[in-house]
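Q: task: produce atomic coordinates for the following.
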Amino acid sequence: MLADLLKEPEPTEPPRPEPSPALKIVLLGDLGVGKTCLRAQFVHHVFSNAYKATIGGDFLTTTVEIGAESNQTTVSAKTSDFRDKRASRDPDSKSVVSQPQGPQSVSLQVWDTAGQERFNLISHAFYRGADVAILVYDITSYELLLSVRSWFARFLQHCNVNAPGVIIVGNKLDRAADRAVDTDEVKDVLCRNDPAFASHVTDWENDVFEVSCRTLASVEAVFKSAAIIGLRNATETSHDRYFRAKNVVLDDAQAVSSRCAC
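A: Numbers count the residues shown, from 1 in each chain. Predicted coordinates for the structure are as follows:
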């Protein structure tokens with residue numbers, strides 16, 4: 001018994017940090033509005049004047065640090081080819097997280113349409129499971145803002161997420177002298193004849209951005225906002241998912257039984 005008392009306690013492992021939440025972010029908008037450049041500037045701080053449509057589709061994984069007292073963004077990136085990764089992240093696999101109270105690292109999987117919109121070949125897997133859609137237009141073109149409505153409709157149709165976040169981004173702020181639409185007009189234009197649009201943008205004051213990929217103006221703010229919105233909206237519990245799936249199974253079973261001959 002004395003030997004047991006003198007025995008040194010076994011070392012305990014330090015608590016492991018919680019894994020970084022992973023959010024899927026999709027960039028949507030017409031060709032040439034600057035989606036690829038927006039992502040490249042945020043991740044790599046690279047800008048090119050030459051427009052070249054990206055073909056094939058890809059995503060970058062970045063890590064941002066957010067929090068009430070954190071203004072620093074830390075970015076790490078790796079590229080994956082969408083053609084080789086046809087199966088996107090399952091929408092039911094995302095972690096359920098709460099709004100962070102302090103600095104927190106958040107992993108963003110940022111998807112680019114990558115020129116596929118030219119051929120109307122965007123796979124449903126591109127949209128599926130997206131936590132936040134960043135809808136991009138060119139502030140020098142009224143028509144490119146109007147097209148955001150159709151991108152939004154397609155996103156809602158295929159994302160399979162109960163309450164996805166939405167951010168509106170007007171690019172090419174460095175060409176403000178040639179602007180065709182002001183920021184305060186965006187809500188009226190997008191919600192005209194489509195009041196449902198308004199309910200998906202949480203805060204029209206802060207979730208509508210004007211950026212310049214050339215000068216990097218407000219680019220980081222867009223993605224930090226996407227991280228915060230994605231975390232805030234990821235409130236559906238596994239309990240809700242279970243009963244939703246169970247209801248689907250029951251509905252299918254009832255449909256089969258109704259076809260049985262009695």
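Q: low pLDDT regions in the stretch 1-150 of the chain?
A: Filtered on pLDDT under 70, the stretch 1-150 of the chain yields the residue ranges 1-20, 45-57, 68-102, 114-121.
Q: the same query, at a cut-off of 80, please.
A: Low-confidence segments of the stretch 1-150 of the chain (pLDDT under 80): 1-21, 44-58, 67-103, 113-121, 123.
Q: what are the phi and psi angles of residue 33?
A: When read as degrees, to the nearest 10, the backbone of residue 33 gives phi -80, psi -20.
Q: same deal with the one 4 residues further on?
A: According to degrees, to the nearest 10, the main-chain angles of residue 37 amount to phi -70, psi -40.
Q: quick one: it from residue 108, how far?
A: 17 Å (C-beta to C-beta, to the nearest Å). (C-beta placed from N, C-alpha, C; glycine too.)
Q: what about those two, which has more around it?
A: Each of residue 37 and residue 108 has its neighbours counted (other C-beta atoms under 10 Å); residue 108 has more, 29 against 22.
Q: quick one: secondary structure of that one?
A: Look at residue 108: counting by DSSP: H, G, I helix; E, B strand; the rest coil, its state is strand.
Q: so it makes contact with residue 63?
A: Yes - using C-beta atoms under 8 Å, residue 108 is in contact with residue 63, at 7.3 Å.
Q: all helices of the stretch 51-200 of the chain, in order?
A: Per DSSP state H, counting those that start in this stretch, the stretch 51-200 of the chain carries helices over the ranges 124-127, 142-158, 186-191, 196-200.
Q: what helices and strands are in contact with the shortest one?
A: The contact analysis (3 or more C-beta pairs under 8 Å, 6 or more residues apart in numbering; DSSP states H and E) places helix 124-127 against helix 142-158.
Q: residues of the helix it packs on that come out buried?
A: 144-145, 147-149, 151-152, 154-156, 158 (16 or more other C-beta atoms under 10 Å).
Q: can you check stretch 167-175 too?
A: The neighbour-count check on stretch 167-175 (16+ other C-beta under 10 Å) flags 167-173 as buried.
Q: give me the subset of those that lies in strands.
A: Taking DSSP state E as the definition of strands, the buried residues of stretch 167-175 contribute 167-171.
Q: can I get these in TSV including pLDDT?
A: What follows is these, written out as TSV (pLDDT from 0 to 100):
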residue	pLDDT
167	97
168	98
169	98
170	97
171	97
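Q: tabulate these (TSV), appending distance to residue 33.
A: TSV is the format used below for those (distance: C-beta to C-beta, whole Å):
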residue	distance to residue 33
167	14
168	12
169	9
170	9
171	6
